[in-house]
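Participant: Have a look at this prediction, sequence included:
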Amino acid sequence: MEILLVLGVLHILLILTVISCGRSYFNKGRIAGIEEASREIVRGIRPHYETADKVVPEAVAQAMEAIQSFAGSPSSEKSFRRHHEKLSKLGDALGSACWRKGFLGCRQQMLPRQDKIRIDIPLDDLTSLASLAHLGFKKMMPNDRAIEMIRFSGELHALRVSRAIDRLELAIPEPNRPSDHCTVRQTMIRHWWPLRKSA
């Protein structure tokens, strides 16, 4: 009877050991699968975040090291949660790196060439500048004898157009920028519309 009891206990212990080993083996395989999947994802996304000189962003490298240096008992559910947190950090790092590369690429594409300048001008200012350019073109023609009937409607109109021209001139690189045009325009405005003296 005692022998049967001992054999039963040993049989139960053997079953528990087999279950524990199987669970541990399964969990180790699960972790190995997660690590391999992470490496494959990083390898697939690499062209979207690597720069031209093939430098891996520091945040991505640190996140991959954290996943590969996974420590802790694989049978613990808490350790799996820690592993999932590391996977979330890897996802954040990959997303940020891809966004950064896309942003820099777009900015590089949107920048003008070295001999070009781009400026943003409101539609009203652009219309005024076009009128002034047309007027200037006509006045530079040798056979122009007409008096152009385009005039400023008032001081505010003149000031607004002057500011538009200022913005245009500020876009010109400093060595080529006209230095006294702004002062001349302000003098012309003040000569025609003097500042009102306060009572």
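Facilitator: It's in. Numbering: from 1, shown residues only.
Participant: Tell me how this structure divides into domains.
Facilitator: Following automatic domain parsing, one finds the domains of the chain at 2-110, 123-192.
Participant: Would you mind putting the ones you listed into JSON lines with distance to Ile117, mean pLDDT and mean neighbour count alongside?
Facilitator: Where you see a C-beta, it was placed from the backbone N, CA and C, and this is true even at glycine. Converted to JSON lines, those look like this (distance: least, Cβ to Cβ, whole Å; pLDDT from 0 to 100; neighbours: other Cβ atoms under 10 Å):
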{"stretch": "domain 2-110", "distance to Ile117": "13", "mean pLDDT": "77", "mean neighbour count": "13"}
{"stretch": "domain 123-192", "distance to Ile117": "5", "mean pLDDT": "78", "mean neighbour count": "12"}
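Participant: nearest to Lys116, of those domains?
Facilitator: Lys116 sits nearest to domain 123-192 of all the domains of the chain, at 10.8 Å, using Cβ to Cβ.
Participant: What separation do you get for Cys182 and Leu104?
Facilitator: 36 Å (Cβ to Cβ, to the nearest Å).
Participant: swap in Val55?
Facilitator: 13 Å.
Participant: repeat for Thr51
Facilitator: Distance from Thr51 to Leu104, by Cβ to Cβ: 8 Å.
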